[in-house]
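>>> sequence and predicted structure below; questions after.
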Amino acid sequence: MGDLEEKRLRDELATRTDADGLRMLRFLNMPDLSRVSGSPIAEIVERIIKSHYFKELDIMKTPEIVPADISFDLFDFPPDHPARSRSDTYYVDNKNILRTHTTVVWYYYLINEEIKKRIAQNEPVGCFSFGKVYRRDEIDRRHMNVFHQIDGWYLAPKANKTIGQKELEEALGAIAAAVFGPEVKYRLNKDTFPYTDPSLEMEVEIGGNWVEVVGCGVVKGSVLKKLGVDPENYTGWAFGFGLERLAIVSMNLPDIRLLWSEDERVKRQLKLGSTYKEVSKYPPITRDISFVVLSDFVPNDYFDLIRDAGGDLVEEVTLLDKYENAAKFGADKISYTYRTIYRSNERTLTTEEVNKIHDKITEETKKQFNAEVR
């Protein structure tokens, strides 16, 4: 997909009036914090790309709307992988999605004519990609459905070197030192990813606790082959991770929403390595809702509805109760009860404004899910 195709799909989104279309357009228009000066998300990116270990890597920006087959099929996601589901991924249409990972850069990088030429000349290649990614998700203080990732990868002809676990460990060590400083303690464990084998994940020690932060692996030959690179000649390593996780760990942030705050008392504290001190713990307001819906109800779709209505005033949504009673509700129907905690990081909410939001959620629950609110 080129720039023109992505623009066409964005323009089509802009004409839609359905909840999902309006939602996706809003997400695409949100700022990319990995490119916002002063954001700790951008600072993490800057530290990594300036690391001497990664000096040979290019930087490439990729589309935020991508074909689903490129995102999943090329990277060996099995047919039943949950990421392919519409309950996990935002589908712009039947073929295109909001990108779920920045690893999709591999495809766009390797179709570049200059990179094709370098591979034909048997040269090493590699690049970084970073920016927003999108996934349907639960609502709590650690998750948002718009977040940021960085991916890096490096391919070398076997005449230069055969890349294996040693190179993975070196790359992960370079990331740990770049983000957390040369004295950071880290450890590596085996992991599994669809497009790398072997694979490792790295944990760093923060405040006496081990926290998983980065995944890395040797690029699978089957994936290289699909991307037009001869796996008999080239090997490579790749890493990818969410940037919010590192920022939260580095600053001990209690709430992911703080990374988007415009409150100057918050913004001046968002410095990597410093410990965040609560500006003020504003009181929460709690509201419950109970409703009966058909059994094909998808909770992640409902969380999107709540985000649409409540925005960054929604701190957490918890399932309190779920049960079936055919005699009471009818066949193929389920009762749900959710509790929503509303809290601003910047001011005290009023009962009136929360009631308006919750009333809107109630009406949209009836409208979008044909729910019977109890």
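Yep, it's here. Residues are numbered from 1 along each chain as shown.
>>> gap between stretch 171-186 and the chain center?
When distances are taken as CA atoms, centre = their mean, to the nearest Å, stretch 171-186 is centred 22 Å away from the chain's centroid.
>>> avg pLDDT for it?
Stretch 171-186 shows an average pLDDT of 89 in the prediction.
>>> then stretch 67-81?
88.
>>> give the buried residues for it.
By 16 or more other CB atoms under 10 Å, the buried positions in stretch 67-81 come out as 67, 68, 70, 71, 72, 74, 75, 76, 77. C-beta here means a position set from N, CA and C on the backbone, and glycine is covered the same way.
>>> and what of stretch 365-374?
Buried, per 16+ other CB under 10 Å, within stretch 365-374: 365, 368, 369, 371.
>>> for those, work out which two are farthest apart.
Farthest-apart pair in those is 368 and 371; separation 8.1 Å (CB to CB).
>>> on that earlier part again, could the buried residues of stretch 67-81 go into TSV alongside distance to residue 191?
Shown next, in TSV, are those (distance: CB to CB, whole Å):
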residue	distance to residue 191
67	27
68	25
70	24
71	20
72	19
74	21
75	16
76	15
77	16
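>>> next, give me the two most distant ones among those residues.
67 and 76 (15.9 Å).
>>> how about the helices in this structure?
Using DSSP state H, the helices of the chain run over residues 3-14, 19-29, 40-49, 68-72, 105-110, 113-120, 165-180, 221-226, 243-251, 264-267, 299-310, 326-329, 351-369.
>>> dump those to JSON lines, plus distance to residue 235.
Below are those laid out as JSON lines (distance: least, CB to CB, whole Å):
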{"stretch": "helix 3-14", "distance to residue 235": "32"}
{"stretch": "helix 19-29", "distance to residue 235": "36"}
{"stretch": "helix 40-49", "distance to residue 235": "22"}
{"stretch": "helix 68-72", "distance to residue 235": "22"}
{"stretch": "helix 105-110", "distance to residue 235": "14"}
{"stretch": "helix 113-120", "distance to residue 235": "13"}
{"stretch": "helix 165-180", "distance to residue 235": "9"}
{"stretch": "helix 221-226", "distance to residue 235": "8"}
{"stretch": "helix 243-251", "distance to residue 235": "27"}
{"stretch": "helix 264-267", "distance to residue 235": "43"}
{"stretch": "helix 299-310", "distance to residue 235": "37"}
{"stretch": "helix 326-329", "distance to residue 235": "57"}
{"stretch": "helix 351-369", "distance to residue 235": "49"}
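>>> out of these, which comes closest to residue 135?
Short answer: helix 299-310, nearest of those by CB to CB, at 8.8 Å.
>>> what is the orientation angle of that closest one with helix 19-29?
Orientation of helix 299-310 against helix 19-29 (axes from the mean of the first three to the mean of the last three CA atoms, to 10 degrees) gives an angle of 70 degrees.
>>> can you give the contact residues for helix 299-310?
Outside helix 299-310, the residues that touch it by CB atoms under 8 Å, 6 or more residues apart in numbering are 19-20, 22-23, 87-88, 136-139, 145, 314, 317, 319, 338, 340, 342, 357, 360-361, 364-365, 368-369.
>>> where does the protein have low pLDDT?
Residues of the chain meeting the criterion pLDDT under 70: 1-2.
>>> what are the structural domain limits within it?
3-251, 285-373 (automatic domain parsing).
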